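[1] model this:
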Amino acid sequence: MGTSNFYNKNASKIWCVETSYYDEEIEEEIEDEFLWEDTRNNVSSSLEKIAKQKSRTYYENSNLNVDQLHSFPSTSIGSYSKYFYFCNIEFGVILIPHTTSGYYEGFNLDFDINLSVSEICGKYDNMKDLLSDVKESLLEDNKALRMNLGNLHRRLETLLSEMKNEIESVYEMYSTSLEEFAVFSNGETIYKSVA
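    Below is the predicted model of the structure:
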């Protein structure tokens, strides 16, 4: 029984980093022990620069909770976020960039999504659940929010889309983009490069 090498949850592509290469001189596969840490440092410093340009917040932290599967352990790189007020309520879009180990080799870059509302305890990984709880918990007491819920939805969607694109533009600098080309009944997967 085989399995896919990469687990990808939110990124639009599989941002793959291969940690080994074939050295023709010695005719041997060489494992680059420092590539994982170098890639994480490069991603972190690039996100720090973009955060300053885009008025976002970024901090490096390898201990944040990341949604992961048992066979594909993940480690956070940091937190990339933007908070804003809408109808006197603070909303937040937080992306947690992380590395996810490949099942057989290498690793890929992905991110978790956390959406938050100051008036509601908890974090959301999707817009539907967040808006459902906002409707249920906040609309009765906030007429302005009730009248502008569509505008809030558009603002959150736009911000989330912009931040995803910013993170993926950094991933593009330090990895190769792949997509699944074929998946066999035993779970094995063939990937192809994406331009």
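
[2] what's the residue nearest to the spatial centre of the chain in contact with, if anything?
    Nearest to the mean C-alpha position of the chain, by C-alpha atoms, centre = their mean, lies Phe111 at 1.4 Å. Neighbouring residues of Phe111 by C-beta atoms under 8 Å, 6 or more residues apart in numbering: 10-11, 80, 95-98, 164, 167. Using the backbone N, CA and C atoms, a C-beta is placed for each residue, glycine as well.

[3] What pairs with the host helix or strand of it, parallel or antiparallel?
    Using DSSP states H and E, Phe111 sits in strand 107-117. Strands that pair with strand 107-117, judged by DSSP bridges, come out as strand 14-17 (antiparallel), strand 89-101 (antiparallel), strand 120-124 (antiparallel).

[4] Of these, which is nearest Leu149?
    strand 89-101 (11.6 Å; C-beta to C-beta).

[5] Tell me the buried residues in that closest one?
    89, 91-101 (16 or more other C-beta atoms under 10 Å).

[6] Among those, which one sits closest to Ser137?
    Out of those, the member with the shortest distance to Ser137 (by C-beta to C-beta) is Ile89, at 10.5 Å.

[7] The longest helix seen in the chain: what's the following helix or strand?
    Across the chain, the helix with the greatest residue count (assigned by DSSP state H) is helix 149-174. Downstream of helix 149-174, the first helix or strand assigned by DSSP H and E is strand 176-183.

[8] that older thread, let me see the confidence value for the residue nearest to the centre of the chain.
    At Phe111, the model reports a pLDDT of 97.

[9] bridging residues for it?
    Pro97.

[10] any low-confidence regions in the protein?
    1-2 (pLDDT under 70).

[11] and stretch 117-125, how far apart are its ends?
    12 Å (C-alpha to C-alpha, to the nearest Å).

[12] Run through who's touching that stretch.
    Contacts of stretch 117-125 (C-beta under 8 Å, 6+ apart): 67, 89-92, 94, 112-116, 130, 133-134, 137-138.

[13] got a list of what the nearest residue to Ile14 once chain neighbours are set aside touches?
    Nearest non-adjacent residue to Ile14, counting by C-beta to C-beta, 6 or more residues apart in numbering: Leu178, 4.3 Å away. Residues in contact with Leu178 (C-beta under 8 Å, 6+ apart) are 6, 13-16, 191-194.

[14] how about a cut-off of 7 Å?
    Listed by C-beta atoms under 7 Å, 6 or more residues apart in numbering, the contact set of Leu178 reads 13-14, 16, 191-194.

[15] any chance of the contacts of Phe111 in a markdown table, plus distance to Glu37?
    Shown next, in a markdown table, are the contacts of Phe111 (distance: C-beta to C-beta, whole Å):
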| residue | distance to Glu37 |
| --- | --- |
| Asn10 | 23 |
| Ala11 | 20 |
| Tyr80 | 19 |
| Leu95 | 21 |
| Ile96 | 18 |
| Pro97 | 15 |
| His98 | 14 |
| Lys164 | 24 |
| Ile167 | 19 |
